[in-house]
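Peer 1: Build the 3D model from these lines:
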Amino acid sequence: MTETKKKVNAVFMAVLMVLSVVAVSAAFAAPAAAQEISVEDQDVHEDGSTVELSSSDTASINVVLPDGWTAEDISDGGDYFENTNEVNWDWGSDRADRSVSFTLIPADGAEDGDSETVSVVNDQASSETFTVTVDADTDPAPGNGGAPAELEISNHDPWQGEEVTLTGTAIDANEAYNLIAVDGFDDGDFDGTERVRQVTSNNDGEIVVDTGSLDTGYYFVDIDGVDESEENTFYVNVLDVDAAFDDDSVTDAGPNSVTEFEIETERGFYSIDVTADGDLEDYELFGIFVGDEATNDLAQDVVANDDDIDDTEGVTYEDIVDYLRSDGDLDEEHGELNVMLLDEDEDDYDEMIRFSGISDTDEYDVDFADIGEDDYEFEFEETDTEATATANITVTESDAEANFDDSVYTQSSGDLVEFTVELEDTDDAYIQFGDEDSSFVDVFYIEDDSDNGEVTFTVNTRTIGAADAEHDQVVYSDDDIVESYLHSGGFDDADGPHFWADDVDEEYLTYEEYLDELDLIDEGDGEDGFDQLPRPLQWGTDYDMTVDSDGHFIVEDGESDVNNEIGHAILDLVEPQLNSVSTWVGPSDSADEETNVEDLQDKLTERENVAIDDQLVINAEAEGIYGYLAAVDYAENSNDLNDGLEDGYEVAVLNELLEDDGEGVNMVIEDQVAHGNQDPNQIDLTADESDVYVLVDNDAGELFIIVDTSDEPFDRSIENGDEFNVELEYETDGDDRFRFDEDTNERSWQGGAGGDTDAAAFPYYQADSTQSVSTTFTLEDAEAVFDHLDEDELVQIEASDDFEITGTTNVAPGTDGHLRISNQPGESSFVYDPDVEIDSDGSFTAESTDFSERSTDTETIVNYRVGGSTVDSTDGIFVDEVVTDDDADEADDDADEEPPETDDTDEEPPETDDTDEEPPETDDTDDEPPAEDDDIPGFGVAVALVALLAAAMLALRRQN
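Peer 2: Purely as a prediction, here's the structure:
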């Protein structure tokens, strides 16, 4: 028994020891972490409100909802289990502090103030409860009842191909959502929908929608809490791009290499990537769509940064693109189309360019110069959409031609020459004027600036090649561009010319070196282009005009040539002639009334007698002086070369020529008689344009000096009977020919004999070969002489219904004049004013007038009036029939045919008239012609005898 008890005690003590150890261990072990669930009681809107809760150190959270209550918009991937009416979040073994939310929606029928208990349990069976109370004043959850979830859409109106980004609190990260096509709207609600596909959100809770495959229309992403409204949709526009060249075919050079390009979209501003299916490099595309004008500054930059390129003429588009890439200026925009180059990281960057931020408001000129012959298809792709367009064009070889309107131009040395060149497949060209055989070479650049396919320009043969002559005194064009290389020192509007030794690209020459190789100057001795000519271009030499398309001029073995000749003509200068000088008259008018030679000539009549008040016109057939006049008109009046040819010159311009002693042109218009100690009266060659004016016909070689004598532009007054001499002279020196003035430091286009500007020497004549022409004219008072005068010197006027008064006058034909036939003083008043027309021979005829109301034997006054003044006046008488000299002759003839005793027997028998003084057989003698003695019938007898003899001879002939 005792042993048994001891054993029991031993066991008991052992248990106590174990328990004590466990107890001590338990006492010193770390306590387990508490799992806290944080949630608060809250009011819930009848349409639902957001509930937020959290739990520490948990891998799951479970929420048990009251009966009939539901949940939605569960955060963090949570699930709602409808069968158990629970919301659960399960993160597997991933324990962490968690914060979640969901929208709690009261049961149907719940009323304001109803309360329920909600239980929350975590993975350690920790639990909490909270009370929810229905309260209509509480804000509903976004998307439930009141304010919907906010949704941000980056672009509500995207173009197809653009991306649309959606952001907002209702979007969960890395979730799939349905993309819905919306047919339309009915009172703000969707009117017909169709699911298109799913879209997903990224880690940042953003949904990025690629619209590249979407058709035109409204689209909505179905997100819980986001209201189905138009403001939460975006509308996809399908962008159409249209691009076209105006021409189907262009050339690789000339004006036909340019065509218009147009690109259009429905978009305001857009960017386009341009390729040619890999057939063109980026620099070729750059050249087509940018062009020369927009790259001038770039070309200068290339020259400044490339030691191998001397000037901009040698810069290519490839050089420009290489420079832009090396300089890193790829974002820089060029030309009207904002052309940019693409970065090397982009595919096919070297076969593509980009139009950056352009609009389709304009048509653009594009140039295919230097692009290879081929068929090209261009593709234009909008950079941020799927829109594309194509345009096709063919490039062909240029076949440039330059056709002069005449193959040989003949003109007098010293005058102006007009050339017209028709251009085909080019709008510009270069002309070498002259060659080594003519001892002169200049180069013209011509350009069709009027777009009519031709260039018309004028060359002054007096000033070309002469130092100190301004460019526009030498060549000029009204509507186009013409430049002289010699007189401009280089071309403003052209890349050329290029001068080469032996061949193009062999040895580049300067203009002076080129002339030296042609043996026209000594460039090594400091001579230049103005040393080619000692005097103006001379006659007897043909000046070749050779057209080159690109301005490449070559000298080989002392002979000039061009690289690509597309046209040719010859200027044949002939000796200026001084043929005649004559005087003409015209109706009284201002001297500058007519500015056209043809209009002036239409109203002139050649005469040596000039009625004072009429126009006097001195016409000289004189050549070789019109280039000088044009040069002076430019220098003194800033007029173009052609202005004087078209509109005339003030007389001071002519006076400049006459006062230039060295030119050798002299003109004298002076009274033949000097009065007392005074110099002869002369026309004032400094008068106003309205008093004295000058017209010229450069082609015909005629000079017209028009003088309004009514203003008396003379040194002194003029009067009836003044006789003037007119002499025009081309004077030469006895020993020396004309040379340009080289005595001064500045060479001049003027000169004289041996270069002496004071020594006369007409530039185009040999020494000692002066020529001159002269004429005279007489000034008279205007007068008129009437026909049909009776023995009392009265003008007979038939008192009939159709009578013309005639006569002669020295007033110029064409003058507007009239007669005034009126009553004598003290007689019954009447007046007639028939207009008068003057013929070229001075005879005049008044228009037919009805005088039938006038009584015969009534005397009248007849005035001849011009310009409101009476030129001449006489008395007249109205008669039944005008007795004319012809009537008297007829009466004599009748007397010859009738017996003398029946003609006037009572008064004076014809057979006794003058028989004692002059026998009938002497009536036809030279001493007294029958026409002056109407009383002698012998002339009629002679006529009868001749007639009888003629009849007898005719009868004899018929018998034979």
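
Peer 1: in stretch 682-693, what counts as buried?
Peer 2: With burial defined by 16 or more other CB atoms under 10 Å, the residues of stretch 682-693 counted as buried are 683-685, 687-689, 691-693. In this view, the C-beta of every residue, glycine as well, is placed from N, C-alpha and C.

Peer 1: How far off centre is it?
Peer 2: 39 Å (CA atoms, centre = their mean, to the nearest Å).

Peer 1: tell me how far the ends of that stretch are from each other?
Peer 2: Terminal residues of stretch 682-693 lie 15 Å apart, using CA to CA, to the nearest Å.

Peer 1: For that stretch, which outside residues touch it?
Peer 2: Residues from elsewhere that reach stretch 682-693 (CB atoms under 8 Å, 6 or more residues apart in numbering): 590-592, 648-652, 654-655, 658, 668-671, 705-708, 711, 713-715.

Peer 1: try stretch 321-341
Peer 2: Contacts of stretch 321-341 with the rest of the structure, by CB under 8 Å, 6+ apart, involve 282-283, 286, 289-291, 294-295, 298, 301-302, 305-306, 342-344, 349, 353-358, 362, 364.

Peer 1: Using neighbour counts, trim those residues to the buried set.
Peer 2: Buried by 16+ other CB under 10 Å: 282-283, 286, 289-291, 295, 298, 301-302, 342, 349, 353-356, 358, 364, out of the contacts of stretch 321-341.

Peer 1: Spatially nearest residue to Glu507 (excluding sequence neighbours)?
Peer 2: Excluding the flanking residues, the one nearest Glu507 by CB to CB, 6 or more residues apart in numbering is Ala501, at 3.9 Å.

Peer 1: How about the secondary structure of Leu658?
Peer 2: Recorded secondary structure, Leu658: helix (DSSP: H, G, I helix; E, B strand; the rest coil).

Peer 1: and it, how many neighbours does it have?
Peer 2: Look at Leu658: counted by other CB atoms under 10 Å, it has 15 neighbours.

Peer 1: show me the residues around it that make contact.
Peer 2: When contacts are counted by CB under 8 Å, 6+ apart, Leu658 is found next to 665-667, 685.

Peer 1: what about it, distance to Gln124?
Peer 2: Per CB to CB, to the nearest Å, Leu658 is found 129 Å from Gln124.

Peer 1: and what of Asp405?
Peer 2: Distance from Asp405 to Gln124, counting by CB to CB: 110 Å.

Peer 1: Specify which residue of these two has the higher count of neighbours.
Peer 2: Taking other CB under 10 Å, Asp405 and Gln124 do not tie; Gln124 has more neighbours (17 against 13).

Peer 1: is it fair to say the more buried one lies in a helix?
Peer 2: No - per three-state DSSP, Gln124 lies outside any helix segment and is coil.

Peer 1: My understanding was that it contacts Ser56; is that so?
Peer 2: No - contact criterion CB atoms under 8 Å: Gln124 and Ser56 do not qualify, at 10.2 Å.

Peer 1: sec struct for Glu231, please.
Peer 2: Three-state call for Glu231 (three-state DSSP): helix.

Peer 1: so how many other residues sit close to it?
Peer 2: Glu231 has 10 nearby residues by other CB under 10 Å.

Peer 1: got the contact list for it?
Peer 2: By CB under 8 Å, 6+ apart, the contact set of Glu231 is empty.

Peer 1: what's the spacing between it and Ala391?
Peer 2: 40 Å.

Peer 1: swap in Pro763?
Peer 2: Distance, Pro763 to Ala391, by CB to CB: 60 Å.

Peer 1: Likewise for Leu239?
Peer 2: To Ala391, Leu239 is 17 Å away according to CB to CB.

Peer 1: Likewise for Tyr543?
Peer 2: For Tyr543, the distance to Ala391 - CB to CB - is 48 Å.

Peer 1: of those two, who's got more company?
Peer 2: Counted by other CB under 10 Å, Tyr543 and Ala391 do not tie: Tyr543 has more neighbours, with 24 against 18.

Peer 1: Who are the contact partners of the more buried one?
Peer 2: Taking CB under 8 Å, 6+ apart, we find Tyr543 in contact with 433-434, 438, 440, 537, 570-573.

Peer 1: So how do I select the buried members of the residues you listed in ChimeraX?
Peer 2: Remark: buried members of the contacts of Tyr543, expressed as a ChimeraX selection using 16+ other CB under 10 Å:
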select :433,434,438,440,537,571,573
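
Peer 1: can I get the contacts of Tyr543 in JSON lines with distance to Gly188 and pLDDT?
Peer 2: Formatted as JSON lines, the contacts of Tyr543 follow (distance: CB to CB, whole Å; pLDDT from 0 to 100):
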{"residue": "Phe433", "distance to Gly188": "82", "pLDDT": "98"}
{"residue": "Gly434", "distance to Gly188": "87", "pLDDT": "98"}
{"residue": "Ser438", "distance to Gly188": "91", "pLDDT": "97"}
{"residue": "Phe440", "distance to Gly188": "89", "pLDDT": "98"}
{"residue": "Leu537", "distance to Gly188": "90", "pLDDT": "98"}
{"residue": "Ile570", "distance to Gly188": "87", "pLDDT": "98"}
{"residue": "Leu571", "distance to Gly188": "86", "pLDDT": "98"}
{"residue": "Asp572", "distance to Gly188": "91", "pLDDT": "98"}
{"residue": "Leu573", "distance to Gly188": "92", "pLDDT": "98"}
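
Peer 1: Distance to Thr167 and secondary structure for the contacts of Tyr543 - can I get that in CSV?
Peer 2: Formatted as CSV, those follow (distance: CB to CB, whole Å; DSSP: H, G, I helix; E, B strand; the rest coil):
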residue, distance to Thr167, secondary structure
Phe433, 76, strand
Gly434, 80, coil
Ser438, 84, coil
Phe440, 81, coil
Leu537, 84, coil
Ile570, 82, strand
Leu571, 81, strand
Asp572, 86, strand
Leu573, 87, strand
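
Peer 1: Helices along this protein, start to end?
Peer 2: Applying DSSP state H to the chain gives helices spanning 2-28, 282-290, 296-305, 317-327, 485-488, 511-517, 597-602, 626-637, 643-647, 651-659, 885-897, 900-903, 938-959.

Peer 1: The fourth one - what's its average pLDDT?
Peer 2: What that stands for is helix 317-327. Across helix 317-327, pLDDT averages out at 90.

Peer 1: Please point out which parts of that helix sit buried.
Peer 2: Buried residues in helix 317-327, counting neighbours by 16+ other CB under 10 Å, are found at 317, 319-321, 323-325.

Peer 1: wait, Asp415 sits on Thr463?
Peer 2: No - the criterion here is CB under 8 Å, and Asp415 misses it with Thr463 at 11.4 Å.

Peer 1: returning to that earlier point: which one (most neighbours) among the contacts of Leu658?
Peer 2: Busiest of the contacts of Leu658 [other CB under 10 Å] is Val665, holding 24 neighbours.

Peer 1: Please report the number of neighbouring residues for the spatially closest residue to that one that is not a sequence neighbour.
Peer 2: Once flanking residues are discounted, Val665 sits nearest to Leu657: 5.5 Å by CB to CB, 6+ apart. The tally of other residues near Leu657 (other CB under 10 Å) stands at 18.

Peer 1: Thr84 too?
Peer 2: As a measure of burial, Thr84 has 11 neighbours, counting by other CB under 10 Å.

Peer 1: what about it, distance to Asp240?
Peer 2: The value you get for Thr84 to Asp240, if CB to CB is used, is 56 Å.

Peer 1: now do Val303
Peer 2: Applying CB to CB, the value for Val303 to Asp240 is 44 Å.

Peer 1: same deal with Asp833?
Peer 2: Distance from Asp833 to Asp240, by CB to CB: 80 Å.

Peer 1: where does the chain have low pLDDT?
Peer 2: Along the chain, segments meeting pLDDT under 70 span 1-35, 141-148, 361, 493-494, 676, 743-746, 885-960.

Peer 1: residues touching the most centrally placed residue in it, list them.
Peer 2: Nearest to the geometric centre of the chain sits Ser450, at 6.2 Å (CA atoms, centre = their mean). Counting by CB under 8 Å, 6+ apart, Ser450 touches 479-480.
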